[in-house]
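> please work out how this folds:
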Amino acid sequence: MDQLLSKNYLLSWIEKQQSLGKYVFSLEQVKKDFPGQSEEAIIFAVFRLTRKNRIVSIYKGFYLIVPPEYAARGILPPITFIDDLMSFIGKPYYVGLLSAAALHGAAHQQPQEFFVVTSTKQLTTRKKGIKINYFTKRTIPVNLVEKRKTESGYVNVSTAELTAADLVYYHNRIGGLNRVCTIINELAESISPKKINKDFIEGLSTTTIQRLGIIFEKYVNRPDLAQKLIEVSQSKKRKFYIQPFKAGGEKKGYEIDEKWKIILNTTIDIEE
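Model (predicted):
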């Protein structure tokens, strides 16, 4: 233990990782690089650097290296380490919902939290003021996910089209339909009718298609997207049944849009 600590081997090792543009490491990686040190010594050395805010534990056995420019905050933005974290956990993922919308330029309401979609349940990550919310989707549609360059590498991000659909599907968990429509209004210019295709609707529930269609047509003035959505849905023999616009809301006493079979049970006021 004394040799590891007195000669700052671990600190030097971390600084080397940082010089190579690496911001993360695992405890197992340290053990492999210091085979002559006991596990107790390594854990104690890691603990000391954590106390000094030089590194931070973000997941059991997984650490972030905090560079000088982030020293005041004590942690890196999730976008810089989420790819490494999900690789360490061993789960497919993509940055989605409000976080993806912001990356696509819909930054009217910069999210205070970070949103990730993955294949199985994952506990929320909370550390030093950041919060990473994980949403579960049985199948990750890899053909609707794109790579985005970050300062530390690449991350998986939902396309603008998938982002819009996810916002609609999870609307009750991310602030409601009014917020969703406001974001999609900004996001719409990044959505291409060419990408509203059979692959796109394959993983969408019919109700999500109906709600997204009426948003395109009635609230964000993109009838071209709405028309393409209904054409592709018909080609795939998707049948629309009457559904409430706001999931879980009242159904009686409201106007029904006959084209999309949507009960207009909430008022939408898009924020400028």
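> ok so Arg238 is a helix residue?
No: applying DSSP: H, G, I helix; E, B strand; the rest coil, one finds Arg238 to be coil, outside a helix.
> quick one: neighbours of the nearest residue to it once chain neighbours are set aside, just the number.
Leaving aside its sequence neighbours, Arg238 sits nearest to Thr206 (C-beta to C-beta, 6 or more residues apart in numbering; 5.1 Å). For glycine as for every other residue, the C-beta is placed from the backbone atoms N, C-alpha and C. The number of residues packed near Thr206 is 16, by other C-beta atoms under 10 Å.
> so how far is His171 from Thr206?
As judged by C-beta to C-beta, to the nearest Å, Thr206 and His171 stand 16 Å apart.
> for the protein, which segments are assigned as helices?
Per DSSP state H, the chain carries helices over the ranges 2-6, 9-19, 27-33, 39-51, 82-89, 97-103, 160-169, 177-187, 198-202, 206-214, 223-235.
> to Thr267, which of the ones you listed lies closest?
Nearest of these to Thr267, taken as C-beta to C-beta: helix 177-187 at 7.8 Å.
> elements contacting that closest one?
helix 97-103, helix 160-169 (3 or more C-beta pairs under 8 Å, 6 or more residues apart in numbering; DSSP states H and E).
> related to what we said a few turns ago, of all the helices of the chain, which lies closest to Asp269?
Taking the helices of the chain one by one with C-beta to C-beta, helix 177-187 is closest: 6.2 Å.
> would you mark the buried spots in that closest one?
For helix 177-187, the neighbour count (16 or more other C-beta atoms under 10 Å) marks 177-187 as buried.
> can I get the helices of the chain in a markdown table with mean pLDDT?
A markdown table is the format used below for the helices of the chain (pLDDT from 0 to 100):
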| stretch | mean pLDDT |
| --- | --- |
| helix 2-6 | 45 |
| helix 9-19 | 89 |
| helix 27-33 | 93 |
| helix 39-51 | 90 |
| helix 82-89 | 97 |
| helix 97-103 | 95 |
| helix 160-169 | 98 |
| helix 177-187 | 95 |
| helix 198-202 | 94 |
| helix 206-214 | 97 |
| helix 223-235 | 96 |
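> out of these, which is closest to Thr120?
helix 82-89 (9.8 Å).
> domain boundaries for this protein, per the record?
According to automatic domain parsing, the chain comprises the domains 2-70, 78-237.
> thought the residue nearest to Arg238 was touching Lys236?
No: using C-beta atoms under 8 Å, Thr206 is not in contact with Lys236, being 9.8 Å away.
> with distance to Asn265 added, can I get the helices of the chain in a markdown table?
Below are those laid out as a markdown table (distance: least, C-beta to C-beta, whole Å):
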| stretch | distance to Asn265 |
| --- | --- |
| helix 2-6 | 64 |
| helix 9-19 | 53 |
| helix 27-33 | 51 |
| helix 39-51 | 50 |
| helix 82-89 | 36 |
| helix 97-103 | 23 |
| helix 160-169 | 15 |
| helix 177-187 | 10 |
| helix 198-202 | 24 |
| helix 206-214 | 11 |
| helix 223-235 | 20 |
